[in-house]
Each structure stands twice: as C-alpha cells, then as structure tokens.
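*Asks:* A predicted structure for the sequence below; I have some questions about it.
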Amino acid sequence: MSVFRTTIPADPAEEPLVQLLAPDGTRTPHDELDPVISDLTSDDLRGFYRDMVIVRAADLEATSLQRQGQLGLWASALGQEGAQIGAGHAARPQDYLVPTYREHGLAWARGIEPMRLLEMYRGISHCGWDPHELRTHPYMIVLGAQTPHAVGYGMGLQRDGVVGTGDTETDTAVLALFGDGTSSEGEVSESFTFAASFQAPVVFYTQNNQWAISVPTSVQSRVPLAQRSRGWGIPSARVDGNDVLACLATTRIALDAARAGQGPRYLEALTYRMAAHTTSDDPTRYRARAEEEEWAAKDPILRLRLHLEQADEIDRAFVSRCDEEGHDLAMRLHEHIHAMPDPDPRTLFDHVYAEPHPLVEEERAGFDAYLDQFEDAADAQTEEAGR
C-alpha cells in the first residue's frame, strides 16, 4: 500500500507514521521510499547534516539579536530543521515554494541567506529576495493566507501548460507550508476545496510541531491532521518530521505526483517546536519539561549524526567544521544586523501598488506633513540655540 492514503483507518489513532531513521539513527528499509532516494550519496547526507547545524546556529543567534533589541520579533524553528531541509531539497528548481514565517531551513535550502530573513523581522524589508528568481514566496505572517495564493498559482501553472507534460525540466508544482495551528484556519479548508476540484499541482505540507502557541494539537483535532484532507479526496501521509530522509522522500513523491497532473497531496510532518512560539511567548506556562526532554531525544540533527556515525560516514573533524561554520555565520548575522541603518519611514508607501494610486499618494502626503512638523521643530530649536 502506498504511503499516501485516501481512506481513514477504522481506528483513526492507527494512522501509520512513515519513518526511515529511528531516533537512535538506525536505518529502516522501505520498499516504496528507498528507490525515491537511491540517488543520495554520502556527501548529500553530510550536506543535510551541515545544513541543519548551520540553520540552527543562525536561528539561535536571531533569538539573541531579538533579546538585544535588534529585531522586533523572531519565530524560532528550533527542532524543525529535519522537516524543512528535507522538504526544501525535495523541490526542483522550477517548483514554487510558499512558506509561512518560520521556514528558515526551507529558505536556506533555497539559497536565501538568513540575513534576508532577519531584515524582515527588523522591519526594514517586506521581502529580502526576489520571489520570481528564487521561486520562493515572501514570508507570510497572517495564518493561512498563503494557501489560497499557492492554489491560485498552481492553477495558473496548469493554464501555462507546465503540468503533466512529462518534461521533468519544465513541469512544475507548488509546495505550500504551514503549521498545525494554521491547519485549523478556514483558508486552508477553502484551499483544499479548490485544489481538489481543479486538481491543482499543490503539495500542502503541515509541520505539526505539537503546539499552536499554547494550544496542543490534541485540542485542535481529534484525529491525526493527515486525515483531514481525505474528505476532499486529497491523498495524504503522516511522516516523522524529525527524519530528514523520510521528509525528503515523501515530499519528492508528492511533488512528482503534482507535477505529473495527478492533483494535490497533503503531508503532515510530525515534529516539535523546541523553543517558544515566538520571542514574545513563554512556553513554560503551558508545556511540561518532561515533554521537552522526550522530544529532545528525537532531535533531527542528533538523529542524522548517529546514522552517519553508524555508517562510518562522519568523523569529529567534520562535526567540528560544521559547528564552526554555524558559529561564523552567527557572527556575520550579528555584525550585519548591528550595522544596519534604520530605514526611511517614507518608503512605507513605495510598494503598495505597482502603479501610483491616488489614495496611497494622499496618505503619503499626509505622512510627509506629519514628519515635516518634527523637522521644522528641530530646525527652530537649532536656530534658537545659535542666537
């Protein structure tokens, strides 16, 4: 039976979990998934480990920068590196990725430096990269708002004739990522409706990190989230989100099906948010220490390292080099953000519309007048002091 299912077990709690790497690093053979990742080399696996280490180092430094007052907010992805690096490397260059606000590993896999992410959280950039060039949508703060965009983009791909042609260089799919809390938003259900009705080439990817701020997944849904899409006829699978190989393989299968014109797929990646929801949150008020320790033993970075050690594909020197690279990147982030000037507040109006709009211009003029009064007052004080 395929890992992607369309029916719900008689006992919903018996939903299978797709896993290739156990928490202790043991590799489990899988008839369906192994051929999908048979092209991976030892260098690829070491690269995934390096990616996760570097992304975590940048993540930790971003939290530190927020505590120093250099960022307005930060949403950590600590613990979710396996789900993101796996999904990010599963996508082909032509695929379009639609993240929320926590997909730092996905951004790294797509070639987006953490500096660009931090610029947004500092409030000086709406998006630090070209979405068309890097095939990655800007971060979305409003929960669920990106899923209708993803479906609409996918329907556009169908009309552009780049779905189901059999050409692997041009056939394209959309990967839409969101969290377990967002999965309860109405926009997600509406997106399922349109994606299923029009067989849009979209893969919905939920990182179930167990908590929607302070609300546990068990309160959000009485059945595994993977089963939600099956009511729309969208095949789905539940994968171990701390297993980078399983995430890579299942996402590849889903994207291949979407590109081939077989319609949407849904993945629930079971993972854990090790840090707070954002830097404005205090998880100690609602989360037990024992739960955190249980999930710490399932750490995606530790898991892959153990696997590579068992296969004699990694040594202490390589681990140290990865740690050093992560530290160096964190220091560059620190220097970049501290050296960054505040933006001109007038640029707030520059990219509201592609063309000039009378209402925006009216608001711009009002804002200019507001700022001018402070400049006039400062000039008057300077003139008075010079007398």
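*Replies:* Now that the structure is in, tell me what you want to look at. This structure is a prediction, so every number in the text was calculated from the model and none was measured. Numbering: from 1, shown residues only.
*Asks:* C-alpha only now, for contacts and for neighbours.
*Replies:* OK.
*Asks:* grab the nearest non-local neighbour of residue 135.
*Replies:* Of all residues not flanking residue 135 in the chain, residue 96 sits nearest, at 4.8 Å (Cα to Cα, 6 or more residues apart in numbering).
*Asks:* which residue ranges of this structure form helices?
*Replies:* Remark: helices assigned in the chain by DSSP state H are 42-67, 81-90, 104-109, 114-122, 131-134, 146-159, 186-198, 217-220, 244-259, 289-296, 300-310, 316-338, 358-385.
*Asks:* helices or strands up against the second one?
*Replies:* Applying 3 or more Cα pairs under 8 Å, 6 or more residues apart in numbering; DSSP states H and E, one finds that helix 81-90 makes contact with helix 42-67, helix 104-109, helix 244-259, helix 300-310.
*Asks:* quick one on the thing from earlier: would you mind finding the most buried of the helices of the chain?
*Replies:* Greatest average neighbour count among the helices of the chain goes to helix 81-90 (a mean of 28), per mean count of other Cα atoms under 10 Å.
*Asks:* how far does that one sit from the chain's center?
*Replies:* Relative to the mean C-alpha coordinate of its chain, helix 81-90 is positioned 9 Å out (Cα atoms, centre = their mean, to the nearest Å).
*Asks:* now that helix: average pLDDT?
*Replies:* Averaged across helix 81-90, the pLDDT comes to 98.
*Asks:* give me the angle between it and helix 300-310.
*Replies:* With axes from the mean of the first three to the mean of the last three Cα atoms, to 10 degrees applied, the angle from helix 81-90 to helix 300-310 works out at 80 degrees.
*Asks:* how about helix 81-90 as PDB, C-alpha atoms only?
*Replies:* Below are the C-alpha coordinates for helix 81-90, written out as PDB (Å, rounded to 0.1, in the frame of the first residue of the first chain):
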ATOM      1  CA  GLU A  81      15.200  21.500  10.800                       C
ATOM      2  CA  GLY A  82      14.700  18.000   9.500                       C
ATOM      3  CA  ALA A  83      11.200  18.700   8.200                       C
ATOM      4  CA  GLN A  84      12.400  21.800   6.500                       C
ATOM      5  CA  ILE A  85      15.700  20.700   5.000                       C
ATOM      6  CA  GLY A  86      14.100  17.500   3.800                       C
ATOM      7  CA  ALA A  87      11.200  19.300   2.100                       C
ATOM      8  CA  GLY A  88      13.400  22.100   0.700                       C
ATOM      9  CA  HIS A  89      15.800  19.700  -1.000                       C
ATOM     10  CA  ALA A  90      12.900  17.700  -2.400                       C
END
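*Asks:* how far away is the one residue sitting closest to the centre of the chain from residue 200?
*Replies:* The geometric centre of the chain, computed from its C-alpha atoms, lies nearest to residue 103 (Cα atoms, centre = their mean), at 2.2 Å. Residue 103 is 23 Å from residue 200, where distance means Cα to Cα, to the nearest Å.
*Asks:* check residue 232 too.
*Replies:* Distance from residue 232 to residue 200, by Cα to Cα: 13 Å.
*Asks:* when the two are compared, which one has more neighbours?
*Replies:* Just comparing residue 232 and residue 200: by other Cα atoms under 10 Å the higher neighbour count belongs to residue 200, 30 against 15.
*Asks:* wait, that one touches residue 265, no?
*Replies:* No. In terms of Cα atoms under 8 Å, residue 200 does not count as a neighbour of residue 265; the distance is 9.5 Å.
*Asks:* need the residues touching each of these two.
*Replies:* Common neighbours of residue 200 and residue 265 (criterion: Cα atoms under 8 Å, 6 or more residues apart in numbering): residue 258.
*Asks:* okay, now the residue nearest to residue 62 when sequence neighbours are not counted: neighbour count?
*Replies:* Using Cα to Cα, 6+ apart and skipping the chain neighbours, the partner closest in space to residue 62 is residue 74 (6.8 Å). Residues lying near residue 74 (other Cα under 10 Å) number 26.
*Asks:* cool, residue 349 as well?
*Replies:* Residue 349: 14 neighbours (other Cα under 10 Å).
*Asks:* what sits against it?
*Replies:* Going by Cα under 8 Å, 6+ apart, residue 349 touches 360, 364.
*Asks:* separation between it and residue 245?
*Replies:* 44 Å.
*Asks:* what pLDDT does residue 386 get?
*Replies:* Note on residue 386: pLDDT of 68.
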